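> Predicted model follows, preceded by the sequence.
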Amino acid sequence: MSQLLNLEFWSLVGAVSGIYAIFSIGLQLQFGFTGLLNFGHVASMAIGAYTMAILVVKEHVPLWGASLIAIAAGMLFGAALSLPTLRLRADYFAIATIAISETVRYVALNEQALTGGALGTSNLAGPTQVAEYNTDWVSFQASVQSWLHDVVGGYAGSDFAMLVIVWVVVLLCLLVLTPVVHSPWGRVLRAIREDEDAAAALGKRVAMYKLQSLSIGAGFGAIAGLLYAFEFQFFSPDDFDPLTTFYAWLIVLIAGAARIWAVPLGALIFGLIFSGTRFFNFKPFTYLDAAQLAYLRMIVIGAILIALMAWRPQGLFGKREEMVLE
Amino acid sequence: MTELLQLIVNGLVEGSIYALGAAGISLVFGPLRIVNFAQGDYLTFGAFAAVLANVDWRLNMVFSTAFALLATAALAVAIEFVLWRPMRKRGAKTMSLFITSIGLAFILRASILFAFGSGEREYRVNVFQSYSIGGIRISEPQLISLVVALSAIVATALLLARTSFGRAIRAIADNVDLASVAGVDVDRMVVSIWVLVGILAGLCGVLAGLIQSSFDANLGFHLLLPLFAAVIIGGIGSPYGALLGGLALGLIEEVSTWSGFLGGVNPIWKPAIAFSVLVAVLLWRPQGLLGRARTL
C-alpha cells in the first residue's frame, strides 16, 4: 500500500498521463473537430521521437533544434498522410491509416542502420557505442528541478520536475488551440465534420482543411513523442504499436468530440485505469501474477470502450448536440 | 523458374489462408455493417481451441480442427447475442460498431492470454515431413493447408452462389428492409451468417497456426491487417472479392521476393508490401476489384 502515498510513483503516472493528453489533443483536432478517423495517430509520435533521436545522435544537432525539426517532420508526415487517404470513406480511411502507421513501425524495426532496429535507440550509434540522445534534456530537467526545489522544497524530485514540465506543455497546447478552434477556421472544420458536401458547396476547400487538421494534429503527436522519449530515456519500435493509438482513442472518446479541455481529464482517467490495476493487492486479485494483471487491464479498457459506445457514444464529458458517433 | 514456381506455391498457401479470413470479414461487413476488428482474435480463438483439443486432450488433428470450428462458431454466435444484437437495437452505426469491435478484440485477446499464457504453442504434427515435386518443396502442413483451404474456398463460393442461404445473405447485404419484406427472417439469417463466419475464422486460425508451426496469442492480430488489405483489394462487402483478394495478396507478397523481379524484395518487408498494395488499390480503384463503384 505504500505505493499509494509514493510521490515519485504518482509523478510518473501524472507525467505519462500528460504525455497521452498532448497526444490525444492531436487526435481530438483530427477526429473531434474534423471527423477524421485516424487509427494510425501513433505514427506521428514515432516520427517525432525518432527524428529527434537520430538527429541528436548521428548528426550531433543540438537537442532543441532537433526537437523543432522533429515537430516539423511530424507535421509534414501528417500532411503527406492526407494525400493518399483523404478521398476515402471513413472506414477505409481508418484502415488505411492504421496500415500506414504499421508500415512506419516496420521501417523503424527493419532499417537498423537508421533507427537501431528492434534494439531501439540504445543501438542508434551502432552496437559498440551506447547512444544517448537526452544528455541536454537531463541537464535541463535538473535545472527545472533545482528551481522547483527553491519553490516547493524537498518534494521536488526529478520525476516531479518532469511532471511539471509535461503539464506546462499540456497547458500551453490547450491555450494555443482554444482560440484556434473557436476561430472561423475551427468552425469550418466542424462544418466539414457535419457535412462535407455542404462545406464544399459554400466554397470551402475541404481537402485543404483536412490536410491542415491532419498536419497540426500530427504536430501534437510529435510533441508527445518527444516528451515520451525524454521521459523514458529509451524507446524501441514496439512502443509505437497500434495499441498506443487506441489508448488515445479511449481518451478522446471519454472526453467527447470537440471538447479539448476535457482531454486532460480523459488522460488522467486513462492513467488511473492503467496504473490502478497495480493496487489490486487484495483477494481475489492476489492470485494473479503481473502478466495476468496486465491482461485484466486490457479487459477493463476493452469493456470501457464497449460501454461508452453502448451508453454514452457522445463521451463521458461530451454533449449529445455536438456529435454522436454514427 | 523453379524459384518463381516455388514462390507461387508459397503464395497460394498463404493466400488461401488470407482468403478464408477475408471472406469472414466481408460476410459480416456486407449484411451487418460491422468492420470487425475482433476478427483476428476469432482466428486466434480457433487456433487455441485446436491446441486445447490436440495437445491437452490428445485428440488427432482432424477432430481437433472440427472441435475448433464448432467452438469458434459457438463463440461468434454467443457474441452476436450478448453484444452485436443489443448494440443494433440501440441503433449503433458503422463507426461505433467499429470501436465496439476494438474493445471486443482487447477482451478476447486478453482472455486467451489469461487461459493459455503468452508462450508459443504448437500442434502435435510433424512439421519436418516435406515433399518435392519437380524441384518445388512443400511441407506436409503446407500441403494439407493448401488442399483444405482451397476446398473451403470453393465450398464457400458455391454456398453463396447456388443455395437459398447464399441468396438470402446477398439479399440482406443489399438491402435489409427489402429482404425482410421479401420474407427473409433477418434475425435467424444473421445467426447463420455468424455460424459460417465462425467456421471460416476457426479454419483460418487453425491453418495459419499449422503452417507457422508455433504461434502465440497475437497470431490473429498479426493477420488482421493483411486480411483487411485483402478485403479492400477484393472490394469491401463482396465475399467473392475477398476470396480473390486474399489469394492475390498472398501471391503478391511471395512473388515480390522473387529475384527476377527487380532483384526481389527482402522478405522482412512482406507485411509492408501488403500495406503498400492496399494503399495502391485505394488510390487506383477504391471500390476494389469486384466492388461496385456506388458503395464508395
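Good, I have the coordinates.
> Buried ones in the strand or helix carrying A:A15, by neighbour count?
Using DSSP states H and E, the element containing A:A15 is helix A:7-27. Neighbour-count burial for helix A:7-27 flags A:10-27 (criterion: 16 or more other CB atoms under 10 Å in any protein chain shown). All C-beta atoms are positioned from the backbone trio N, CA, C, and that covers glycine.
> after it, next one along is what?
helix A:42-59.
> Wondering if that next one reaches chain B at all.
No - Helix A:42-59 is not in contact with chain B by CB under 8 Å from any CB of the partner chain; minimum separation 11.8 Å.
> Also stretch A:251-269?
Yes - legend: contact between stretch A:251-269 and chain B by CB under 8 Å from any CB is shown at A:L253.
> OK, contacts around residue 165?
No chain specified, so I'll use chain A. Listed by CB atoms under 8 Å, 6 or more residues apart in numbering or on different chains, the contact set of A:I165 reads A:Q141, A:V144, A:L227.
> ah, I was thinking of chain B
B:L159, B:S192.
> what about it, which helix or strand?
Assigned by DSSP H and E, B:F165 falls in helix B:164-174.
> and what of B:Q287?
Going by DSSP H and E, B:Q287 is not in any helix or strand.
> Confirm for me that it is in contact with B:G234.
No - the pair B:Q287 / B:G234 is not scored as a contact, 10.3 Å apart, by CB atoms under 8 Å.
> Can you show me the helices along chain A?
A:7-27, A:42-59, A:63-85, A:90-110, A:112-115, A:135-152, A:158-182, A:184-194, A:196-201, A:206-232, A:242-255, A:263-276, A:290-311 (DSSP state H).
> And these: which comes nearest B:P239?
helix A:90-110 (17.1 Å; CB to CB).
> List the buried residues in the closest one.
Buried, per 16+ other CB under 10 Å, within helix A:90-110: A:91-110.
> re earlier: which one's more surrounded, B:Q287 and B:G234?
For B:Q287 versus B:G234, neighbours defined as other CB atoms under 10 Å in any protein chain shown are more numerous around B:G234 (29 against 20).
> how about low-confidence regions in the chain?
With no chain named, the answer covers chain A. In the prediction, chain A carries residues with pLDDT under 70 at positions A:1-5, A:277-278, A:280-283, A:285, A:323-326.
> Let me rephrase: I mean chain B.
In chain B (pLDDT under 70), the answer is B:261-263, B:286, B:291-296.
> let's see it at 50
Along chain B, the parts satisfying pLDDT under 50 run over B:294-296.
> Could you pull up the residues touching the residue sitting nearest the centre point of it?
Centroid check for chain B by CA atoms, centre = their mean gives B:G21 as the closest residue, at 0.6 Å. Going by CB under 8 Å, 6+ apart, B:G21 touches B:Q39, B:L43, B:L200, B:A201, B:C204, B:A208, B:L223, B:L227, B:A230, B:G246.
> tell me, how many neighbours does the last one end up with?
So the one you mean is B:G246. 32.
> Also the second one?
As a burial measure, the neighbour count of B:L43 was computed by other CB under 10 Å and equals 32.
> Let me know whether whatever helix or strand it lives in sits next to chain A.
Following DSSP H and E, one finds B:L43 within helix B:39-51. No - shown here: helix B:39-51 not in contact with chain A (CB under 8 Å from any CB), separated by at least 10.4 Å.
> likewise stretch B:273-293?
Yes - legend: contact between stretch B:273-293 and chain A by CB under 8 Å from any CB is shown at B:A274, B:F275, B:S276, B:L278, B:V279, B:L282, B:L283, B:P286.
> Identify the spatial nearest neighbour of whatever residue of the stretch 1-150 of chain A ends up closest to chain B, chain neighbours not counted.
The shortest separation between the stretch 1-150 of chain A and chain B is 4.0 Å, found at A:A99 (distances taken as CB to the nearest CB). Leaving aside its sequence neighbours, A:A99 sits nearest to B:F275 (CB to CB, 6 or more residues apart in numbering or on different chains; 4.0 Å).
> Neighbour-wise, give me the winner out of the contacts of B:G21.
Of the contacts of B:G21, with other CB under 10 Å as the count, B:A201 tops at 36 neighbours.
> surely that residue meets B:T44?
No - the criterion here is CB under 8 Å, and B:A201 misses it with B:T44 at 9.3 Å.
> For residue 149, which non-adjacent residue is closest in space?
Answering for chain A, as no chain was given. Nearest one to A:H149, counting by CB to CB, 6+ apart, is A:A156 at 4.5 Å.
> Chain B was what I was after
That would be B:S16: by CB to CB, 6+ apart, it lies 3.5 Å from B:A149.
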